[in-house]
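J.: Test case, fold it:
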Amino acid sequence: MRKLCIPLLAAAALAVPAGALAHDGDGHHRGTLARVSGTGSTFAASTATASGSIARSEKLGTGTFSASFSTDWTKAMTRTGEHGTLSCAPSTATVTLTGATASNTVSASLTGKTCTWTPKTGSAVSAFFGKGTATGAGTLATLTGKTAKALLVRKADGTVKGAVFAGSRDARSLLFSEGERRASHAAGDCGH
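T.: From the prediction side, this is the model:
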């Protein structure tokens, strides 16, 4: 069941409403979540890029995103099962979000992994998962030094969708823990 984790985790994480993370219980902003959509080169290469638009973000409005990836596939762990092959390798990424007002930005250097699921039938799907520290500017300057995390998924047709979060640890944990919990449950707990 592990083979289902990547696409299900991506779908579940993207299903969490952006507004759910925008405020704490007292109405104060603790972070920003941006759902992103665009295109990218293959994540299965040692270097890759992705760019596009911010599909939804309460703090950034409509804007753009860009990302560059570096993956060390020589250190990949690969598992092959009856339905296909899952390969994961250490990876780093630089992600930048630019808001509708160009001076409002948040960027981060992230460390994580890139995984590629290659089914025996159908097309391969790749995903980058990573975390690091945010650097904000403009109205997002208060995010500097806060946790940043990203989940970006690339389909075989080159389309990229994902979520980028910067803010307090509690809100970050809500997004990715809830997404992981939903994906794990939907996949039969991914073999756990």
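J.: make it CA atoms for all contacts and neighbour counts henceforth
T.: Noted.
J.: mind checking how far S87 is from R35?
T.: Counting by C-alpha to C-alpha, to the nearest Å, the gap from S87 to R35 is 25 Å.
J.: ok, those two, which is more surrounded?
T.: Shown here are S87 and R35; by other C-alpha atoms under 10 Å, R35 has more neighbours (24 against 18).
J.: Hmm, that one is touching V153, no?
T.: No. At 11.6 Å, R35 does not count as touching V153 under the criterion of C-alpha atoms under 8 Å.
J.: Quick check: neighbours shared by those two?
T.: By C-alpha atoms under 8 Å, 6 or more residues apart in numbering, R35 and V153 have these common neighbours: 161-162.
J.: Buried ones in stretch 89-102, by neighbour count?
T.: 89-99 (16 or more other C-alpha atoms under 10 Å).
J.: quick check: mean pLDDT across the helix or strand where K113 lies?
T.: Here K113 sits within strand 105-119, counting by DSSP states H and E. In this model, strand 105-119 has a mean pLDDT of 94.
J.: now the helix or strand hosting S87: how far from the chain's centre is it?
T.: For S87, the host element (DSSP H and E) is strand 84-98. Centroid separation for strand 84-98 versus its chain: 8 Å, with C-alpha atoms, centre = their mean, to the nearest Å.
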